[in-house]
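Student: sharing a model prediction with you, sequence too.
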Amino acid sequence: MSVLYSKTVLGLLTLQNHLVMSPMTRNRATDNIPNALMVEYYAQRATAGLIITEGTSPSPNGLGYPRIPGIFSAAQVEGWKRITDAVHAKGAKMFVQLMHCGRIAHPLNLPAGARVLAPSAVAAAGEMYTDAKGMQPHPVPQAMTEADIKSTIAEFAQAAKNAVTAGFDGIELHSANGYLLEQFIRPNSNRRTDGYGGSIENRARFVLEVAEAVIGAIGKDKVGIRLSPFGVFNDMPLYDAMQADYTYLAQQLNARGLVYVHLVDHSPMGAPPVPDAMKATFRKLVKRSLILSGGYDAARAESDLVAGKCDLIAVGRPFLANPDLVARWSSGATVNAPDMATFYTPGPKGYTDYPMLKE
Ligand SMILES: Cc1cc2nc3c(=O)[nH]c(=O)nc-3n(C[C@H](O)[C@H](O)[C@H](O)COP(=O)(O)O)c2cc1C
């Protein structure tokens, strides 16, 4: 009897299985508004236990990439409502990932009046894609003032309320992969000398204040967080105190009672591995649910669940390429390979046209 395909609980929710669809940016939200094509994409994948949406901005300032959705306007809430309705009709639960891109943004990708913000005025190395002018160097962001910090926290809290209005079962704070929340945690991007920079207690302050604000808005049973200890994506180099810093974060997040902590291990994508000791520390310190992700197939997912390493397994690229992943994995059928060329391109190709079994 498989654990992976059996029902489980996440806080107050019952999930139809232990398989989570990882958050994946797909850049199909023209004008940053969820649309009918996205309804079809998510509904196709709603045999997962839990779907976590693509990174979704709580604010115009957080829309770093072209065609990513937001959840700050009435039209966006309306668009998401159609998606949560379609997903719930097929049995999955759904969290929206709140992603503020911070310095991983370009003015050409932002609406008029929006600003590229970060803890400090330090540009990320490298370039990013814009629809208007192709690849462009990352700009130097504006260092957030205390007023910016307060207004950004308020935007997260309002986005969390909007998520509940849109029918989501909860929100995931994107505190991984080099975006705004992680930019505060890491010393290379956070050079502040005020109460939000320096010691880990200070570098963690913004993330913890955002967590407290969204918990205040919608309750801890509806709030999860994603972290990438030892992640290096978006110019986030390794540093000596990484393990100690993330141990502190695990303690502090556990004290606030979030419904889950979701760890990213991008070693299957070429990143440094997350040491087993780090995962074990989270397992020990986080008393609610722990989600592990990165490079899972069905066999490894089952064995990590059976070994008690985590409570849920999140899967990205296999879900992208296999809308009926649960049916395929549970029956031992072959799987479609993901097409990288269409990960971020507009339209249905490589999005809603992956074949299902028995078509
Ligand atoms: C096309 C694509 C888009 C992604 N976008 C996001 C994102 O918006 N937020 C996030 O936390 N991770 C994002 N990721 C990372 C995935 O959630 C996941 O951690 C990664 O793909 C490794 O898991 P896998 O081996 O199961 O694919 C993305 C990955 C891919 C392939």
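Tutor: Right, received. Where do you want to start?

Student: what's the neighbour count on the closest residue to the ligand within the chain?
Tutor: Closest contact between the chain and the ligand, by C-beta to the nearest ligand atom, is at G316 (2.9 Å). Using the backbone N, CA and C atoms, a C-beta is placed for each residue, glycine as well. By the criterion of other C-beta atoms under 10 Å, G316 has 22 neighbours.

Student: wait, it touches S293, no?
Tutor: Yes - G316 lies in contact with S293 (C-beta atoms under 8 Å); the separation is 7.0 Å.

Student: need the residues touching each of the two.
Tutor: Listed contacts common to G316 and S293 are S22; contacts here mean C-beta atoms under 8 Å, 6 or more residues apart in numbering.

Student: in terms of helices and strands, where is F156?
Tutor: Assigned by DSSP states H and E, F156 belongs to helix 146-165.

Student: run through who's touching that helix.
Tutor: Contacts to helix 146-165, defined as C-beta under 8 Å, 6+ apart, come from residues 58-59, 61-62, 71-72, 76-77, 80-81, 96, 98, 100, 117, 142, 144, 170-171, 173, 180, 194, 196, 206, 209-210, 213-214, 216-218, 222-223.

Student: list only buried entries from those residues.
Tutor: For those, a burial check counting by 16 or more other C-beta atoms under 10 Å picks out 58-59, 61-62, 71-72, 76-77, 80, 96, 98, 100, 117, 144, 170-171, 173, 180, 196, 206, 209-210, 213-214, 217-218, 222-223.

Student: mind listing the helices for the protein?
Tutor: Listed in chain order, the helices found in the chain under DSSP state H are 36-44, 74-89, 146-165, 180-185, 200-203, 205-218, 242-256, 276-285, 298-306, 317-321, 325-331.

Student: can you pull the buried residues of the first one?
Tutor: Across helix 36-44, burial judged by 16+ other C-beta under 10 Å covers 37-39, 41-44.

Student: just the shortest one next, same as before
Tutor: For helix 200-203, a neighbour-count test (16+ other C-beta under 10 Å) marks 200, 202-203 as buried.

Student: next: the last one.
Tutor: Residues of helix 325-331 classed as buried: 325-326, 328-330 (neighbour count, 16+ other C-beta under 10 Å).

Student: near the ligand at all, it?
Tutor: No - shown here: helix 325-331 not in contact with the ligand (C-beta under 6 Å from any ligand atom), separated by at least 10.3 Å.

Student: heads up, I number from 783, so please use that
Tutor: Sure thing, new numbering starts at 783, so read that last one as helix 1107-1113.

Student: tell me what that helix is packed against?
Tutor: Applying 3 or more C-beta pairs under 8 Å, 6 or more residues apart in numbering; DSSP states H and E, we find helix 1107-1113 packed against strand 801-803, helix 1099-1103.

Student: what's the longest one packed up against?
Tutor: By that I understand helix 1099-1103. Other elements packing on helix 1099-1103 under the criterion 3+ C-beta pairs under 8 Å, 6+ apart are helix 1107-1113.

Student: around the ligand, which positions in the stretch 983-1132 of the chain sit nearby?
Tutor: Proximity of the stretch 983-1132 of the chain to the ligand (C-beta under 6 Å from any ligand atom) is limited to residues 1008, 1046, 1048, 1050, 1075-1078, 1097-1099, 1125.

Student: ok, of these, which come out buried?
Tutor: Neighbour counting with 16+ other C-beta under 10 Å marks 1008, 1046, 1048, 1075-1076, 1078, 1097-1099 as buried within these.

Student: which members of these are positioned in strands?
Tutor: 1008, 1046, 1075, 1097 (DSSP state E).

Student: so the first one touches Y961, yeah?
Tutor: What it means is R1008. No - using C-beta under 8 Å, R1008 is not in contact with Y961, being 9.8 Å away.

Student: who touches V1005 in this structure?
Tutor: By C-beta under 8 Å, 6+ apart, the contact set of V1005 is 942, 952-953, 955, 993, 996-997, 1040-1041.

Student: and which of those is nearest A874?
Tutor: G952 (12.8 Å; C-beta to C-beta).

Student: so what's the residue count around the residue nearest to E822 when sequence neighbours are not counted?
Tutor: Using C-beta to C-beta, 6 or more residues apart in numbering and skipping residues adjacent in sequence, the residue nearest E822 is T1134, 4.9 Å away. Residues near T1134, counting by other C-beta under 10 Å, number 17.

Student: can you give me every residue that contacts T1134?
Tutor: Contacts of T1134 (C-beta under 8 Å, 6+ apart): 819, 822-823, 826.

Student: I1007 versus I834, what's the distance?
Tutor: Applying C-beta to C-beta, to the nearest Å, the value for I834 to I1007 is 11 Å.

Student: now do the shared contacts for those two.
Tutor: Overlap of the contact sets of I834 and I1007 (by C-beta under 8 Å, 6+ apart) consists of 954, 1044.

Student: what's stretch 862-873 in contact with?
Tutor: Stretch 862-873 is contacted by residues 798, 816, 818, 820-821, 824-825, 828-829, 833, 835, 851, 853, 876, 878, 945, 947-950 when judged by C-beta under 8 Å, 6+ apart.

Student: try 10 Å
Tutor: By C-beta atoms under 10 Å, 6 or more residues apart in numbering, the surrounding residues in contact with stretch 862-873 are 797-799, 803, 815-818, 820-833, 835, 838, 851-853, 874-876, 878, 944-945, 947-951.

Student: mind checking how far it is from the chain centre?
Tutor: From the chain centre to the centre of stretch 862-873 is a distance of 19 Å (C-alpha atoms, centre = their mean, to the nearest Å).

Student: average pLDDT across it?
Tutor: Across stretch 862-873, pLDDT averages out at 98.
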